[in-house]
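# Need a 3D model of the following:
(2 chains)
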Amino acid sequence: MSKGLTTAPFTLELRAQCHWDWKVAFYLYGAGSSAGLIFLELLLRRWNVIDEATALWGMWIGLVLALVSLAFLFSHLGPGARWRCLYVFLKPRTSWIARGAFIVTVLVLLRILILLPTVPGFTDLPWGEESAAGGLLRVAAMLFAAAFMAYSGLVLSSWNSIAFWNTPLLPVLYIAYSFLAGLGALPLIVLATHGGEKLGAVGAIFWPSLLLLLALNGFLLLIYIWGMATATVAARESVRRLVSGAHRLSFWIGVVAVGLVLPFIVAGLALRGGLGGDPAAVPWVIAACGAIQIGGFLLRDNFLRVGIYGYPV
Amino acid sequence: MTRWGFTVDLERCVGCMGCVIACKAENGTPPTIHWMKVVEKEEGEFPYAKRIFTPLRCNHCADAPCARACPTGAVVKRPDGIVVIDQDVCIGTMACMSACPYYVPYRWDGEDGYYGEEKVPYETVKYAAFKKGTAQKCHFCYHRIDEGRPPACVESCPADALNYGDLEDPESRINELLRQKKHFRPREDLGTNPGLYYLTGKGGGKVGGGK
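Got it, this is the predicted structure:
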């Protein structure tokens, strides 16, 4: 099937873009979350909140997530034409996609370089965690991770064809959601590396941060929707489709209830000691962290689906 | 320097879709791809209801958002202002489709022709010009323009609603029309500087005032 408004009747109506689908949403979610994860891993490791094993596992998982999301993006490119994908770097002067391709490539390379000294056979490389070169690599990775989180919103907000995306608040929202997904992945990594034993130690930092970040994301989402509900006709139609139209279930249940409210309740209970000891808390932690990831993906997916063009004339 | 422009007289367009068919015949676009569209809109209420026809096509903007968005530089502007897509460079990101406020470009992924899987000889010849998985859009029939002939849509219009010409030449047919009739450009507020003008009534000058 060709892409674009191929089956749209020849009538003058507000139309939603339909060519950037869930694959792009997964790329924006996956690569954004992976950038959020690496940023937090490096920061928390520097502050000694997490140990080296957790940081390394996080880096590996983040790298795999970034590569998987890039694979989704690759499959979204034109069949036959996608093999020329290296052309994507050709116009960084005007195209945010070209800039994003550059940022994500450098970020992946930096991660590989950071992880390489931990691979048997490469342990003698002179940029280990304690070395100056290693520190420099980590700072560069944090900068590129921050740039990529911003890029995932800037790529959409740079176009004025779709009013719902065309706001400086979108990169801010996507950065906040990338941090949330990164933070949400952290306890899962701790569980994977140490079982439930170290959850309590991480929890002292994790639960208050999560609560704060969830509140911030909820607030940003609220003012985003409220702002768009008072903007142009196309933006108002986007809001209508999101909150009361075809995408309302996915938005209210997926993004709001699962992605924000459920983890907020769990985090609140955890802070008040309502989840019990470490073993009892594990299923709740898994549920809350999984819910954050689902909400993060659905936010990107819904935002793409309600991207409505203004009237062309 | 030439800058090709296009005028659509909304008072003359009768919605016959002749331009749509002429474009398809000339360029052989696949079934789901329409470089030229004539969209309809109903206005007013019975007994004064009427249908308005608005031909839509690529506006060959001076500051084309599709060209800015394309990461590979596949969307290029010729010196005469015509915006074309280099299919050898396009990788099908569909950034141009998201960036274009007139939702003009399409991506052809190589599906069936008008009569199913088996293509008629005409389709076989015409589809060979399209690279699978790349974006495509109206190219102002530059192959005809370069030969001094009008675009297929202009030539086919029975009501003389469509015209083209050099915007830089004060004596060109479209500059004459712009002096004679009120006009506006589509979504000028977005800063795309489109090369297409809609004519709406006698008097010259912009709709709402100004030259």
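
# show me what contacts whichever residue of the stretch 151-300 of chain A sits closest to chain B?
Nearest to chain B, among the residues of the stretch 151-300 of chain A, is A:S161, at 3.8 Å (Cβ to the nearest Cβ). Heads up, the C-betas are built off the backbone N, CA and C, glycines and all. Residues near A:S161 by Cβ atoms under 8 Å, 6 or more residues apart in numbering or on different chains: A:Y309, A:G310, B:P65, B:S98, B:A99, B:C100, B:P101, B:Y103, B:L190.

# Now, of those residues, which are buried?
A:Y309, A:G310, B:P65, B:S98, B:A99, B:C100, B:P101, B:Y103, B:L190 (16 or more other Cβ atoms under 10 Å in any protein chain shown).

# what sits against A:A25?
Going by Cβ under 8 Å, 6+ apart, A:A25 touches A:F297, A:R300, A:D301, A:F303, A:L304.

# Relative to A:T232, which of those residues is nearest.
Using Cβ to Cβ, A:F303 comes nearest to A:T232 of the contacts of A:A25, at 16.4 Å.

# my read: A:L173 touches A:F219, true?
No: taking Cβ atoms under 8 Å as the definition, A:L173 is not a contact partner of A:F219, at 10.2 Å.

# Which one of those two is surrounded by more residues?
Neighbours per residue (other Cβ atoms under 10 Å in any protein chain shown) separate A:L173 from A:F219, with A:L173 holding more: 20 against 11.

# which SSE is that one in?
Element membership for A:L173 (DSSP states H and E) is helix A:169-194.

# Next secondary structure after whichever helix in chain B runs longest?
Using DSSP state H to define each element, chain B has its longest helix at helix B:18-27. Toward the C-terminus, helix B:18-27 is succeeded by strand B:37-43 as the next helix or strand (DSSP H and E).

# Give the partner strands of the helix or strand following that following strand in its sheet and their orientations.
In the C-terminal direction, the helix or strand that comes right after strand B:37-43 (DSSP H and E) is strand B:50-56. When pairing is defined by DSSP bridges, strand B:50-56 lines up against strand B:37-43 (antiparallel).

# quick one: pLDDT of residue 48?
Unless you meant another one, I'm taking chain A. Looking at A:N48, its pLDDT reads 85.

# oops, chain B please
pLDDT at B:Y48 comes out at 91.

# B:N175 now?
pLDDT, B:N175: 93.

# Quick check: it touching B:Y164?
No: counting by Cβ under 8 Å, B:N175 does not reach B:Y164; the two are 11.5 Å apart.

# These two: who's more crowded?
More crowded of B:N175 and B:Y164, by other Cβ under 10 Å: B:Y164, with 22 against 17.

# Please export the C-alpha coordinates of the host helix or strand of the more buried one as CSV.
Assigning secondary structure by DSSP H and E places B:Y164 in strand B:162-166. Extracted as CSV, the C-alpha positions of strand B:162-166 are listed here (Å, rounded to 0.1, in the frame of the first residue of the first chain):
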residue,chain,number,x,y,z
LEU,B,162,-5.7,26.7,-14.6
ASN,B,163,-2.9,28.8,-15.9
TYR,B,164,0.8,28.9,-15.5
GLY,B,165,3.7,31.2,-16.3
ASP,B,166,6.8,33.0,-15.2
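
# how about it, does it reach chain A?
No: figure legend: strand B:162-166 not in contact with chain A (Cβ under 8 Å from any Cβ of the partner chain); closest approach 15.1 Å.

# now the helices for chain A?
With helices called from DSSP H, chain A shows them at A:22-46, A:52-76, A:96-115, A:132-157, A:169-194, A:199-229, A:233-243, A:248-249, A:262-271, A:278-305.

# Closest approach to chain B from chain A, which residue is it?
A:G78 (2.1 Å).

# just the strands in chain B please.
B:4-9, B:37-43, B:50-56, B:75-77, B:83-85, B:106-108, B:134-136, B:162-166, B:181-184, B:196-202 (DSSP state E).

# Could you export the ones you listed as JSON lines, including distance to A:S131?
Listed next are the strands of chain B as JSON lines, based on distance: least, Cβ to Cβ, whole Å:
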{"stretch": "strand B:4-9", "distance to A:S131": "61"}
{"stretch": "strand B:37-43", "distance to A:S131": "61"}
{"stretch": "strand B:50-56", "distance to A:S131": "60"}
{"stretch": "strand B:75-77", "distance to A:S131": "46"}
{"stretch": "strand B:83-85", "distance to A:S131": "49"}
{"stretch": "strand B:106-108", "distance to A:S131": "47"}
{"stretch": "strand B:134-136", "distance to A:S131": "47"}
{"stretch": "strand B:162-166", "distance to A:S131": "65"}
{"stretch": "strand B:181-184", "distance to A:S131": "64"}
{"stretch": "strand B:196-202", "distance to A:S131": "60"}
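
# closest to A:D124 out of the ones you listed?
Among those, strand B:134-136 comes nearest to A:D124, with 47.2 Å by Cβ to Cβ.

# Need the nearest residue in space to the residue of the stretch 151-300 of chain A closest to chain B, chain neighbours excluded.
B:P101 (3.8 Å; Cβ to Cβ, 6 or more residues apart in numbering or on different chains).

# which residues touch stretch A:55-73?
Stretch A:55-73 is contacted by residues A:23-24, A:26-27, A:29-31, A:33-35, A:37-38, A:41-42, A:44-45, A:50, A:104, A:107-108, A:111-112, A:114-115, A:118, A:185-186, A:189, A:192-193 when judged by Cβ under 8 Å, 6+ apart.

# With stretch A:258-266 instead?
Residues outside stretch A:258-266 that contact it (Cβ under 8 Å, 6+ apart): A:184, A:210-211, A:214-215, A:217-218, A:221, A:275, A:284-285, A:287-289, A:291-292, A:294-296, A:298-299.

# which of these count as buried?
In those, the ones that pass as buried (16+ other Cβ under 10 Å) are A:184, A:210-211, A:214, A:217-218, A:221, A:275, A:284-285, A:288-289, A:291-292, A:294-296, A:298-299.

# So the residue nearest to the spatial centre of chain B versus chain A, what's the distance?
Closest residue to the average C-alpha location of chain B: B:R57 at 2.5 Å, with Cα atoms, centre = their mean. To chain A, B:R57 is 10 Å away according to Cβ to the nearest Cβ, to the nearest Å.

# And for the nearest residue to B:K131 once chain neighbours are set aside, the neighbour number?
Excluding the flanking residues, the one nearest B:K131 by Cβ to Cβ, 6+ apart is B:Q87, at 4.1 Å. As a burial measure, B:Q87 scores 19 neighbours (other Cβ under 10 Å).
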